[in-house]
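Trainee: When you get a sec, could you give me coordinates for this:
(one chain, ligands or ions: 1)
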Amino acid sequence: MSEATPAPAELLLRLRRFHSNYFPLHQQRFQDLVADGQHPKTLFIGCSDSRLVPYLLTGAGPGELFIVRNVGAFVPPYDGSHGLHGTTAAIEYAVLNLHVERIIVCGHSHCGAIRAAYDGVPDEARALQAWLKLAQEALLPVQSSPEALLRTEQRSVVLQLERLMDYPMVRREVEAGRLTLHGWHYVIEDGEIHVFDAQKAGFVPASTASNSGTGPYQPYVEYDGQAFTVPEEDLP
Ligand SMILES: [Zn+2]
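Mentor: Residues are numbered from 1 along each chain as shown. Have a look, this model is predicted:
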């Protein structure tokens, strides 16, 4: 067991600490959320990476984020089938039941999923192999390098936003102006989110951005196309 993994006794101590230290300070909030139900305005689709901490990044508290996380922060294609599609179910629930006002897709630097999409995974990891195909269209025709990986992480975020627009209920709400899509790329070592700006067809650091990100909408289809066309001179 690595040093970063708390021993069971340590985990138990942490549970007790939550109950005795944190909960009393926020008891009313939790009880209101039970009495009134949850009404989160945001669906956060994030990578499972342990270094991505949505509550820290957004300053959100209980009841504010409806979260689904998976390896790579990928959005499966909407195929209308009745398979056990956990991420798809979460998207449907967030849009149709919770009526969220925004969906954030959040990738990050040094993403193991994106690296594995280039380098491969053990043969035994068959589900993972199939899952990583959801990043296939974002891959660059180059060897994996730090620059290529970062670009691919960002391209993957945009790809997932595009795929979200194939969900009938997402497209309907976006076109009605009741839902916005936001693509984020979190650079762990800088402590900064870069937000996708569809008009600029690129990612802008949150410290200088004018908004928290605009997803692909109908008027910007051409720009999205450009985002996926990497000029040859830009290739590492
Ligand atoms: Zn990741």
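Trainee: Any buried residues in the helix or strand hosting Leu128, and which?
Mentor: Secondary structure assignment for Leu128, by DSSP states H and E: helix 126-132. Judged by neighbour count (16 or more other Cβ atoms under 10 Å), helix 126-132 contains these buried residues: 131-132. Every residue, glycine included, has its C-beta placed from N, CA and C.
Trainee: Just give me the neighbour total for Gly120.
Mentor: The tally of other residues near Gly120 (other Cβ atoms under 10 Å) stands at 11.
Trainee: er, Leu33 I mean
Mentor: For Leu33, using other Cβ under 10 Å, the count is 17.
Trainee: Contacts only, for the nearest residue to it once chain neighbours are set aside.
Mentor: Spatial nearest neighbour of Leu33, excluding adjacent residues (Cβ to Cβ, 6 or more residues apart in numbering): Gly63 at 4.6 Å. Taking Cβ atoms under 8 Å, 6 or more residues apart in numbering as the contact definition, Gly63 lies against 29, 33, 38-40.
Trainee: Reformat those as JSON lines; add pLDDT, distance to the ion and secondary structure.
Mentor: Below are those laid out as JSON lines (pLDDT from 0 to 100; distance: Cβ to the ion, whole Å; DSSP: H, G, I helix; E, B strand; the rest coil):
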{"residue": "Arg29", "pLDDT": "95", "distance to the ion": "30", "secondary structure": "helix"}
{"residue": "Leu33", "pLDDT": "96", "distance to the ion": "29", "secondary structure": "helix"}
{"residue": "Gln38", "pLDDT": "96", "distance to the ion": "26", "secondary structure": "coil"}
{"residue": "His39", "pLDDT": "97", "distance to the ion": "29", "secondary structure": "coil"}
{"residue": "Pro40", "pLDDT": "97", "distance to the ion": "23", "secondary structure": "coil"}
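Trainee: Show me the contact partners of the helix or strand hosting Ala35.
Mentor: Element membership of Ala35 [criterion: DSSP H and E] is helix 23-36. Contact with helix 23-36 is made by 61-63, as judged by Cβ under 8 Å, 6+ apart.
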